[in-house]
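Colleague: Take a look and give me a structure for this.
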Amino acid sequence: MRRPHVSGFTLIELMIVVAVIAVLTMIALPSYTKYTFRARRAEGQELLLRTATAQERYYSTYNTYAGSLTTDLKFASDTSTNGYYKVTVAPLGGALTSGYVLTASAQLTQAGDACKNLTLDSNGTKSQTGTTTNGRCW
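Modeller: Next comes the predicted model:
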């Protein structure tokens, strides 16, 4: 008597497929995470540049820089579009008449980014509080 031909996968074949998928995931996930941090960082950069432009417009009218984004500059919010960054204004050199320092603080999942907080001052100096291990911060 002949045994009928049974098609399918053996347990060994299935375990090999699972192992290959696990290795690919271990390689791909960190790269994807770094990519998402870099992509969301553009949101913080855009907010800082938009705020700096508004600060210069405010200065040309009032001869001092604004201390509040929502009150003085009439921004709807001091956070970025998707909430990954929050901007604060500090005086440069002790008074807002001499300049400002804008700081975009990383929020939510973006707080895990290597660049941490992005800063931009009235002189155009760009910096960050973290490292540049995940590409250029600016």
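Colleague: which stretches of this structure form helices?
Modeller: Secondary structure of the chain (DSSP state H): helices at 11-62.
Colleague: Tell me where the model's unsure across it.
Modeller: Across the chain, the ranges flagged by pLDDT under 70 are 1.
Colleague: Tell me the spacing between the residue nearest the centre of the chain and G94.
Modeller: Residue closest to the average C-alpha location in the chain (Cα atoms, centre = their mean): R41, at 2.8 Å. Distance, R41 to G94, by Cβ to Cβ, to the nearest Å: 30 Å. Just so you know, the C-beta spots here come from the backbone N, C-alpha and C atoms, and that holds for glycine as well.
Colleague: repeat for V20
Modeller: 61 Å.
Colleague: And for C115?
Modeller: From C115 over to G94 (counting by Cβ to Cβ), the distance is 27 Å.
Colleague: Same check on D121?
Modeller: 13 Å.
Colleague: same thing with S68?
Modeller: S68 is 18 Å from G94, by Cβ to Cβ.
Colleague: In this structure, where's the longest strand?
Modeller: strand 95-106 (DSSP state E).
Colleague: Give the buried residues for it.
Modeller: Within strand 95-106, the residues scored as buried using 16 or more other Cβ atoms under 10 Å are L96, G99, Y100, V101, L102, T103, A104, S105, A106.
Colleague: That one packs against which elements?
Modeller: helix 11-62, strand 85-92, strand 118-121 (3 or more Cβ pairs under 8 Å, 6 or more residues apart in numbering; DSSP states H and E).
Colleague: what's the angle between that strand and helix 11-62?
Modeller: 170 degrees (axes from the mean of the first three to the mean of the last three Cα atoms, to 10 degrees).
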